[in-house]
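Colleague: okay, predicted coordinates and the sequence, questions at the end:
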Amino acid sequence: MPRCYGRILLERFVLPIKLLVLPAVFFTLSYAQGVQNPDSGNLAGAEVIEEAAELPVEVSKKKPAEVKISGLLREDAYYIRMPDHPVRADLFANVLETRLVLDRVRDDWSFYADGRLYMYAGEFQAAYGLSRVSLMRAYVRDFSPIGDFTVGKTYINFGNSGLFNPFEIDKKIQLTDLQYAREGLYAVEYYLPWQDLSGLKVYSGFNDAFKYNPMWGISPGYHLGKYDLGVVYNHANKDKNVAGVYFKGDAFVGIQGSWGAHLDDQWKLSYNEASAGIDYSFFEGKVVATVLFYYNENGAGAYKDYKPSAESFLLAKFYSFVSLAWLVDEFWNIQAMAFVNLVDNSAVILPVVSVSIANGLNLTLQMNFVTAKKDAEFSRDKSGDAGALVRLEGKF
């Protein structure tokens, strides 16, 4: 008999999520109403506030500010069609994320904290349990005459931010959220600005995985005309070091590149990692095309050698990423993306449509289609041939 997907969706998705959403919404909105200062201005959400906190000192010190409290509620509903899997049926899963952000910026110091509560249903509940709490950031930053000092749980970024950065400490890729915020590490960071967009960054710290072996790194960066250039050295763990260079600029098209040499503690080369890309905007910036290439010498040269590793973004040696984004108007945004494994020629294609329903309320639909079968990395037999993500996101 044909499967009744409406009934399955109701039983596995809608009813469990109602039990999760209603208490979280009531709690979050009640708390925000009780503590938010009504005169503190419009709060644009966690991403915007964190971005503002990271601005250069001369921008963020314009005016002392009271504590700002903002947050976000995000409901993700997943469906993956798995017709060729020998054991697993179609997958339904849900994640409800509640985010609370505290931010204060004064002339001589700032404070920032980002805490999150995740609640799971469906397949994710079996994997992660009913709920999980995460402290993403919590730090104090002092703007002193001799530089900026940051103490606490903060995100350390070296090189070009975004996909396929050889100097990235956390190399997980979430295909459903390529811009997801990575959890910070406990560190002391010092930044000495030399001039606009140029300076020296030094840190020492640890994360949960490497807490018995402190991490540290140094990176001088320079801004020359239309280009940003930098050198990086980072010690992540015993015999886990990376040293290299990066650049980013504008030469008719936007260009970027990075190269990192992975070394042991005796400076013996383990492997090389590199990325390069271009981007170009059309129609007054409303359409942006991006192409990235990625090389990891430590990756597999054939599908039979695939071995998952926390030190690699993906499994093979060579990849490309392409994206075409169209900002239709102030409400609609359409994007098509694809990851291509250049070793086994498999790919995952990700069309995305986002719409702003109201001020601070957005709805996103993302599809994914897998092209290959059998032992390829992006295989229908392993992860289903198609899927969908529906995301409802509200900021307060």
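Modeller: Received it, and whenever you're ready, just let me know what you need. Keep in mind it's a predicted model, so treat the numbers as computed, not measured.
Colleague: can you map out the strands along the stretch 201-350 of the chain?
Modeller: 215-224, 227-237, 240-251, 253-263, 269-282, 287-296, 318-327, 332-341, 347-358 (DSSP state E, counting those that start in this stretch).
Colleague: swap that for the stretch 51-200 of the chain, sorry
Modeller: 68-81, 91-105, 109-122, 131-144, 147-154, 185-195, 198-206.
Colleague: can you put those in a markdown table and add distance to residue 287, mean pLDDT and mean neighbour count?
Modeller: Any C-beta I mention is one placed from the backbone N, CA and C, and that applies to glycine too. A markdown table is the format used below for those (distance: least, CB to CB, whole Å; pLDDT from 0 to 100; neighbours: other CB atoms under 10 Å):
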| stretch | distance to residue 287 | mean pLDDT | mean neighbour count |
| --- | --- | --- | --- |
| strand 68-81 | 27 | 93 | 20 |
| strand 91-105 | 30 | 93 | 21 |
| strand 109-122 | 32 | 95 | 20 |
| strand 131-144 | 32 | 95 | 15 |
| strand 147-154 | 35 | 96 | 18 |
| strand 185-195 | 34 | 93 | 16 |
| strand 198-206 | 32 | 94 | 17 |
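Colleague: any idea which of these gets closest to residue 370?
Modeller: Nearest to residue 370, of all the strands of the stretch 51-200 of the chain, is strand 68-81, at 9.8 Å by CB to CB.
Colleague: list the helices and strands the closest one packs on?
Modeller: In terms of contacts (3 or more CB pairs under 8 Å, 6 or more residues apart in numbering; DSSP states H and E), strand 68-81 is packed against helix 15-35, helix 46-53, strand 91-105, strand 386-395.
Colleague: and it, C-alpha only, in PDB?
Modeller: What follows is strand 68-81, C-alpha atoms only, in PDB (Å, rounded to 0.1, in the frame of the first residue of the first chain):
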ATOM      1  CA  LYS A  68      21.700  44.300  25.800                       C
ATOM      2  CA  ILE A  69      19.800  41.100  26.100                       C
ATOM      3  CA  SER A  70      18.700  39.400  22.800                       C
ATOM      4  CA  GLY A  71      18.000  35.900  21.700                       C
ATOM      5  CA  LEU A  72      16.700  33.600  19.000                       C
ATOM      6  CA  LEU A  73      14.300  30.700  18.700                       C
ATOM      7  CA  ARG A  74      15.000  28.300  15.800                       C
ATOM      8  CA  GLU A  75      13.000  25.200  14.900                       C
ATOM      9  CA  ASP A  76      14.600  22.900  12.300                       C
ATOM     10  CA  ALA A  77      12.500  20.000  10.900                       C
ATOM     11  CA  TYR A  78      14.400  17.400   8.800                       C
ATOM     12  CA  TYR A  79      13.200  14.800   6.400                       C
ATOM     13  CA  ILE A  80      15.500  12.400   4.500                       C
ATOM     14  CA  ARG A  81      14.300  10.000   1.900                       C
END
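Colleague: got the angle between that strand and strand 109-122?
Modeller: On the basis of axes from the mean of the first three to the mean of the last three CA atoms, to 10 degrees, strand 68-81 is oriented at 30 degrees to strand 109-122.
Colleague: please name the nearest non-neighbouring residue to the residue nearest the centre of the chain.
Modeller: Centroid-nearest residue in the chain, with CA atoms, centre = their mean: residue 180, separated by 2.7 Å. Excluding the flanking residues, the one nearest residue 180 by CB to CB, 6 or more residues apart in numbering is residue 174, at 5.1 Å.
Colleague: residue 77 too?
Modeller: Nearest to residue 77 is residue 390, by CB to CB, 6+ apart, at 4.6 Å.
Colleague: check contacts around the one you found.
Modeller: Counting by CB atoms under 8 Å, 6 or more residues apart in numbering, residue 390 touches 76, 77, 363, 364, 365.
Colleague: just the angle between the helix or strand containing the fourth one and strand 386-395, please?
Modeller: Residue 364 belongs to strand 361-370 when elements are defined using DSSP states H and E. Direction vectors for strand 361-370 and strand 386-395, defined by the same axes, to 10 degrees, enclose an angle of 160 degrees.
Colleague: tell me the strands beside strand 361-370, with direction?
Modeller: strand 347-358 (antiparallel), strand 386-395 (antiparallel) (DSSP bridges).
Colleague: packed most tightly, which of these would that be?
Modeller: strand 386-395 (a mean of 18; mean count of other CB atoms under 10 Å).
Colleague: OK, contacts around residue 337?
Modeller: Per CB under 8 Å, 6+ apart, neighbours of residue 337: 178, 321, 322, 323, 349, 350, 351, 352.
Colleague: repeat the analysis, applying 7 Å as the threshold.
Modeller: By CB atoms under 7 Å, 6 or more residues apart in numbering, the contact list for residue 337 reads 323, 350.
Colleague: residue 185 now?
Modeller: Per CB under 7 Å, 6+ apart, neighbours of residue 185: 153, 156, 205, 206, 207, 215.
Colleague: residue contacts, the closest residue to residue 306 other than its chain neighbours?
Modeller: Nearest residue to residue 306, sequence neighbours excluded (CB to CB, 6+ apart): residue 315, at 4.4 Å. Counting by CB under 7 Å, 6+ apart, residue 315 makes contact with 299, 300, 306, 308, 377.
Colleague: let's see 10 Å
Modeller: Contact analysis of residue 315 by CB atoms under 10 Å, 6 or more residues apart in numbering lists 296, 299-300, 303, 305-309, 341, 343-344, 377.
Colleague: and if you look at residue 326?
Modeller: The contact partners of residue 326, by CB under 10 Å, 6+ apart, come to 282, 283, 286, 287, 288, 332, 333, 334, 335, 336.
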